[in-house]
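Novice: Build the 3D model from these lines:
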Amino acid sequence: PYYFQLVPSYFWDASFFMKMGINLMMRSLDSSPFITTSIHNYLWNITDPLLDISEKLAPSLVPTKNVAILNRVYADFVDNVTVYIGPKFGHHKFFLIDKYDGSENLPHLGDKCVAKVVDTSEGISYPQYLTKNDTLRYWRKGICKTADLHYTNDIEKYGVNAYKFELASSMYDRTTPSYDDCYRGCQDCPMDCPMYRNAILLSKLYHFIPKYVSGMSFAVSFPHFLYGDDVLKNYVDGLKPDHEKHQSYVIVEPNTGIPLHGVARSQVNLLMRDMSGYNEKIRKFSNLAIPLIWMEYNQVGIPSYIQSLIYFVVILVPILQYIFTVFALLVGSFIVFHFARKKKRSKNNLVMNKTLTFESEVFLKPS
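Specialist: Residues are numbered from 1 along each chain as shown. Modelled structure (predicted):
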């Protein structure tokens, strides 16, 4: 469990006596870096006696004793989101975010970040009349970051042609210059170290992660460190990055902007610093990126009535529109021709039936 490494990671650069006290505490509690538990408990309900003592010694380090990952992620999941809607904003802004909790800035990060939440989508809907050159901007609340998705290929789904947009491979890369990096988290994090270069830190984003103190870092990356440095893939056994299994994407119908299918995948890691001075159970995790869990949000489909609506709007309406246009043109031409012919015939009849009156002249007979 990650909380076993949490306390030593927090005090990675503590004095010898502090580390000795932590070693004694873990030994007395018989704490272990590995436990057997159910998936439900790991995700929603997990604690340890180590947390009880840690809460008394350092309350800021343990704001809650239930440190299950999803329990913390979904602890506060109600937001006030304002979106653009209506013809006055145009189809390129349809249903994009205008304000998030009343601000254009990313939550928890303030106005120092160049990236803003404005003009992004939560994935419910995207702008209409998309082209293959458009870039979709997706708001990932779970990691408090905006993401760019780029067109890769056409795909047929539910009987209509759709566009597939994939998450940029640089999504979790660090930005330069470092002072403009909102996700760096500490001033002395070595930017040339792969585990800091290919993951973004979450320490500032969740209340269950204390404000960053050198050494303790939760970070998010692609599952199995997809697109990351090769050295990352050697940190633990079993990492097999696969583009098809670990990439994130969305399939969008371009005319309506409705997502037909979407997958968002990410991996949460604990970044460990030098653990020298601790017992062997802890030292073996020194300078490692430890994968804790990788999660997948999968929009497996859309309701049948929306499928029918999309098919009607995208496929049937253009056909019906074409048929109606041709029919209206033929009917209109027939009506014009009919009235033109009728008018001409009426004019001819008028000439034929007109009574001609001539002046009569009266001649006087000579006397």
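Novice: Which parts of the stretch 151-300 of the chain are strands?
Specialist: With strands called from DSSP state E, counting those that start in this stretch, the stretch 151-300 of the chain shows them at 160-167, 200-201, 217-221, 249-253, 258-271, 289-299.
Novice: chain center to the longest one: distance?
Specialist: Once both centres are worked out by Cα atoms, centre = their mean, to the nearest Å, strand 258-271 turns out to sit 8 Å from its chain's centre.
Novice: L271 touches A199, doesn't it?
Specialist: Yes. With contacts counted by Cβ atoms under 8 Å, L271 reaches A199, the gap being 7.3 Å. No exception for glycine: its C-beta is placed from N, CA and C like everyone else's.
Novice: which residues do those two both contact?
Specialist: 219, 289 (Cβ atoms under 8 Å, 6 or more residues apart in numbering).
Novice: what is the mean pLDDT for the longest helix seen in the chain?
Specialist: In the chain, assigned by DSSP state H, the helix with the most residues is helix 317-352. Average pLDDT, helix 317-352: 81.
Novice: what do you get for stretch 113-131?
Specialist: Averaging pLDDT along stretch 113-131 gives 87.
Novice: Residues touching that stretch, excluding its own?
Specialist: With contacts defined as Cβ under 8 Å, 6+ apart, stretch 113-131 is touched by 81, 91-100, 103-107, 134, 136-139, 141, 145-146, 163, 180, 182, 250, 252, 254-259, 262, 264, 299.
Novice: What residues of that stretch count as buried?
Specialist: Within stretch 113-131, the residues scored as buried using 16 or more other Cβ atoms under 10 Å are 113, 116-123, 125-128, 130.
Novice: On the three-state scheme, L309 is what?
Specialist: With DSSP: H, G, I helix; E, B strand; the rest coil as the basis, L309 sits in helix.
Novice: Next one: the closest residue to Y172 other than its chain neighbours relative to D229, how far apart?
Specialist: What sits nearest to Y172 in space, not counting adjacent residues and going by Cβ to Cβ, 6 or more residues apart in numbering, is S221, at 5.0 Å. Plainly put, S221 is 11 Å away from D229 if you go by Cβ to Cβ, to the nearest Å.
Novice: Settle it for me: which of those two has more neighbours?
Specialist: Remark: of S221 and D229, S221 carries more neighbours, 25 against 13, as counted by other Cβ atoms under 10 Å.
Novice: Could you give the bridge partners of the more buried one?
Specialist: Q267 (DSSP bridges).
Novice: Just confirm it contacts S266, I think it does.
Specialist: Yes. At 7.3 Å, S221 counts as touching S266 under the criterion of Cβ under 8 Å.
Novice: Return the distance of the closest residue to P254 other than its chain neighbours relative to Y305.
Specialist: Among residues not flanking P254 along the chain, L130 sits closest, at 4.0 Å (Cβ to Cβ, 6+ apart). From L130 across to Y305, the span is 23 Å (Cβ to Cβ).
Novice: now do A115
Specialist: 36 Å.
Novice: Equivalent analysis for N298, please.
Specialist: In terms of Cβ to Cβ, N298 sits 21 Å off from Y305.
Novice: same thing with A168?
Specialist: A168 sits 34 Å away from Y305, going by Cβ to Cβ.
Novice: Pick out whichever of those two has more residues nearby.
Specialist: Higher neighbour count among A168 and Y305: A168, with 15 against 8, using other Cβ under 10 Å.
Novice: which residues does the nearest residue to that one once chain neighbours are set aside contact?
Specialist: Leaving aside its chain neighbours, A168 sits nearest to D148 (4.7 Å; criterion: Cβ to Cβ, 6+ apart). Residues near D148 by Cβ under 8 Å, 6+ apart: 135-138, 167-168, 171.
Novice: Would you double-check that D148 falls in a strand?
Specialist: Yes. Judged by three-state DSSP, D148 forms part of a strand.
Novice: ok, and the closest non-adjacent residue to K281?
Specialist: In this structure, K281 finds its nearest non-sequential neighbour in P33, 5.6 Å apart by Cβ to Cβ, 6+ apart.
Novice: oh sorry, the question was meant for M171
Specialist: What sits nearest to M171 in space, not counting adjacent residues and going by Cβ to Cβ, 6+ apart, is A147, at 5.5 Å.
Novice: So what's the residue count around the one you found?
Specialist: When neighbours are counted by other Cβ under 10 Å, A147 registers 19.
Novice: Could you pull up the residues touching I258?
Specialist: By Cβ under 8 Å, 6+ apart, the contact list for I258 reads 125-126, 252, 302, 306, 310.
Novice: So it versus H92, what's the distance?
Specialist: Distance, I258 to H92, by Cβ to Cβ: 16 Å.
Novice: same check, this time on Y172
Specialist: Relative to H92, and taking Cβ to Cβ, Y172 is found at 28 Å.
Novice: re the thing from before, L271 and A199: which is more packed in?
Specialist: Set L271 next to A199 and count neighbours by other Cβ under 10 Å: A199 wins out with 26 against 22.
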